[in-house]
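Engineer: Okay, sequence plus prediction incoming.
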Amino acid sequence: MSRGQGVRKKISVEKTADLDSFSSDVVDEVRELFSKVTTYSKPASGEWCMPDPNEAFSQEPEQYSSLQALKASLNEVKNQLSDKNLEVWHQHTSFTNRAGKIIAHVRAAANAEICTQAWCKFYEILGTFGLIPDRALQCGEFNSVHLCEAPGAFVASLNHYLKSNSLYCDWTWVANTLNPYHEANDSGTMITDDRLIANTLPWWFFGSDDTGDIMLQKHLLELQAFTANMRSVDLVTADGSFDCQGNPDEQEALVAPLHYCEAVTALLLLGPGGSFVLKMFTLYEHSSVCLLYLLNCCFRAVHVFKPGTSKAGNSEVYVVCLDYCAKDALRPLLSKMIRNFGPDITRRGALFPRQLIPESFLRQHEEVCGYFHRLQVQTIAENLRLFRGASAQERQRIGLLRDCAVQFYMQRFQVQHLHRSRWLSRNAVPGCSAGGKLAGHRKQAGSFNERKELQSLAWTERLDRACVGRARPGDAGERLRAGRASRGLQHGCLLNEALEQSGSLKGSGDPPVPRPVPPCSSCRVLTPDSLLSEVCGLLDGPHGQGVPCLWVGSPSVLSGLPQREELRVEFSPQPPLPAAGRATLHDAEPRYQRELLACVLRSLHGLQPGGCLVLPLLSALTRFTAGLVLVLHHCFRSVTFRCPASTDALGAVAVLLCTDYRRPPSGRLLDFLRDMQGLVSGPPGPSGPRQVLQFVPMEVLLQGALPDFLWTMNTTITRHRLHLLVQAEQSAAMATP
């Protein structure tokens, strides 16, 4: 018996001592919960063979009537949930979920790193199937690639599995995900939990454009080069999905391009004998039929598995493919699939025409779909029945099933404690996610029907809906302050939409025209005089002569103010506001960034040691501006911010106050900034102005007190701008006859 076979046998053994306290019918139901698997059986005739590459993408996709009937049936059942409040329904299904107690128990008993539902699902997959090839254990080298992996639960689960089961091997892993630090990535499509990412950045692949989008062809080829140092890739996992809350009936079709790209990536990277785990949903569409058929042609065994720790009422399944055995035969077809790689794959035609799919495969595939359809419909029907009212006996039995599932899971998969010193990320990075989610993680709320209605409302109406019951009606300032602050900007997306819809901004290329904002009794706005007083208060110790203070802005700002003995104020031009309609991230506009960099350079070059700097700032929502703030932190004894300041109603309402300038000991920092200035000031490229996304490593930006400083400042700026926009909207509404 090989070592790998021995490990699999060890994990499949069930200890029943702790299960004796439960009745046999409870244990049997829990056992069924962890046995939701079907396996394709290849005919001995060999008719399941690799399709002709010339036939690929030659015809439009077709629908299979039997599979579409299952889809219609399932959607009819799911539509009964459309009027259910999501939070209330989620609370109900969390209780009825037989595996609902497992995550918390594993987190406590096994000290599992990033112990999420994904962690438990993958540990279950590892304990059910032999994903780790025997040859990898025999040669002592194991390599894995994890696609769409944020926040990293699969990697952490695999690490726990290898180390707690004493599978000693040289394990190398690479992970890919949408870069949570890239400003252009949509926050609605990303997992923003960066606990593991921040500590293991060298292992994460984001591609040459730094987005991490695995659906770009260039990233596919770059990832192949990124993993070239691996002897062979033994395992690829793909756990990607999209937010389909807006159109749940078409989840499978919406996610199909991602599944295609994930599968092509795995088939390109995997070595002979490797394993592939792909998360899918329903398998009714022609695209899924083609993909499952291809995987059956490429792997010795293909299983469709619903982990017990996956919520039984959803459509999620995992396609587990073992022993990649057709890499050479696949090459011609794979080359064509790579040429058609991308998010628009559905417009290129069907992967295979229907006539190339054997009837024997279709029959098995229909049985697979029917099996998981029945399980899901039964669960939804039971949840609906219990939602209308569950008896005390039913609630008691559910409690017993949940307790039994914990014992069953721990024993079947032999989950053991792992010391923190053996985690992938031993130290938490200050400023990163804590407790499993960022404080500002977007959460779906209300029923499906209510969320659809919200999409048709103006941003002001949605703000009213979000804050109902928290403050007095019509009090915009109180409504905004009542909202919970968040890392990554609680109100950022709403602010972007408000700026786009507000009459305060004109078309692209036109200068911003601020709408008059009425006085606000709830705001204490800092005047130039009060800002100078703030600077004086920040000075360290007595100063016999006036401290040089560089004020970035117009000299007219301080006209008529009394002179201060403590300060000698000089002026420097302020960077212009970004052109309207070009950038909703405010500090992301290329011209503004160039001018801000030039302003910082002038200030650092002209200031005398001990001097002060007053710098208006739009925000620090980009890594570029965050890097400049870090530079200022290194060059001044103290850097703080004040907001709101009376600079421009919808412009730079925040001001950085930097005191006690300390010229860098060497000229390297200023030389570097000047070199960067030369790069961004060069001629524009084919797609527009040249722009630096990042010049300070993320590992450095995430250290120390800087993340909390930026979070606090950005949140304050964003909430105040929303407040001003609400005031402007209310003023305009009152003025309209």
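Structural biologist: Sure thing, it's come through.
Engineer: Give me the pLDDT value at residue 708.
Structural biologist: What the model reports for residue 708 is a pLDDT of 89.
Engineer: List the backbone torsions phi and psi for it.
Structural biologist: With angles defined as degrees, to the nearest 10, residue 708 sits at phi -70, psi -40.
Engineer: Would you confirm that residue 594 contacts residue 680?
Structural biologist: Yes: between residue 594 and residue 680 there is a contact at 5.1 Å, judged by Cβ atoms under 8 Å. C-beta coordinates here come from the backbone N, C-alpha and C atoms, glycine included.
Engineer: Kindly tell me how buried the residue lying closest to residue 695 once chain neighbours are set aside is, as a neighbour count.
Structural biologist: Using Cβ to Cβ, 6 or more residues apart in numbering and skipping the chain neighbours, the partner closest in space to residue 695 is residue 627 (5.2 Å). Number of residues near residue 627 (other Cβ atoms under 10 Å) recorded here: 22.
Engineer: ok now do residue 627, which residues does it touch?
Structural biologist: If you count contacts by Cβ atoms under 8 Å, 6 or more residues apart in numbering, residue 627 has them with 694-696, 701.
Engineer: Report the two of the residues you listed separated the most.
Structural biologist: Pairwise distances across these (Cβ to Cβ) peak at 10.2 Å, for the pair 695 and 701.
Engineer: which of these two has more neighbours?
Structural biologist: residue 701 (20 against 17).
Engineer: how close does the more buried one get to residue 201?
Structural biologist: Distance of residue 701 to residue 201, given as Cβ to Cβ, to the nearest Å: 11 Å.
Engineer: Quick check: mean pLDDT of the helix or strand where the residue nearest to residue 695 lies?
Structural biologist: Here residue 627, judged by DSSP states H and E, is contained in helix 623-635. Average pLDDT, helix 623-635: 94.
Engineer: Stretch 153-168 too?
Structural biologist: Stretch 153-168 comes out at a mean pLDDT of 94.
Engineer: Only alpha carbons, please: show it as CSV.
Structural biologist: Extracted in CSV, the C-alpha atoms of stretch 153-168 (Å, rounded to 0.1, in the frame of the first residue of the first chain):
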residue,chain,number,x,y,z
ALA,A,153,-9.5,29.6,3.3
PHE,A,154,-8.7,26.7,0.9
VAL,A,155,-5.0,27.4,1.3
ALA,A,156,-5.3,27.6,5.0
SER,A,157,-7.4,24.4,5.1
LEU,A,158,-4.9,22.5,3.0
ASN,A,159,-2.0,23.7,5.2
HIS,A,160,-3.9,22.5,8.3
TYR,A,161,-4.6,19.1,6.6
LEU,A,162,-1.0,18.5,5.5
LYS,A,163,0.5,19.5,8.9
SER,A,164,-2.0,18.0,11.2
ASN,A,165,-1.8,14.7,9.3
SER,A,166,2.0,14.7,9.2
LEU,A,167,2.2,14.7,5.4
TYR,A,168,5.8,15.8,5.3
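Engineer: what comes up buried for that stretch?
Structural biologist: Under the neighbour-count criterion of 16 or more other Cβ atoms under 10 Å, stretch 153-168 has 153-165, 167 buried.
Engineer: again, but for stretch 304-322
Structural biologist: By neighbour count with 16+ other Cβ under 10 Å, stretch 304-322 contains the buried residues 304-322.
Engineer: OK, contacts around residue 373?
Structural biologist: Neighbours of residue 373 in contact, by Cβ under 8 Å, 6+ apart: 70, 73-74, 282.
Engineer: just to revisit the earlier point, mind checking how far the helix holding residue 627 is from the chain centre?
Structural biologist: 25 Å (Cα atoms, centre = their mean, to the nearest Å).
Engineer: Now that helix: buried residues?
Structural biologist: Neighbour-count burial for helix 623-635 [16+ other Cβ under 10 Å]: 623-633, 635.
Engineer: What of stretch 57-66?
Structural biologist: In terms of neighbour count (16+ other Cβ under 10 Å), stretch 57-66 has its buried residues at 57, 59, 61, 64.
Engineer: Span of that stretch from start to end?
Structural biologist: 23 Å (Cα to Cα, to the nearest Å).
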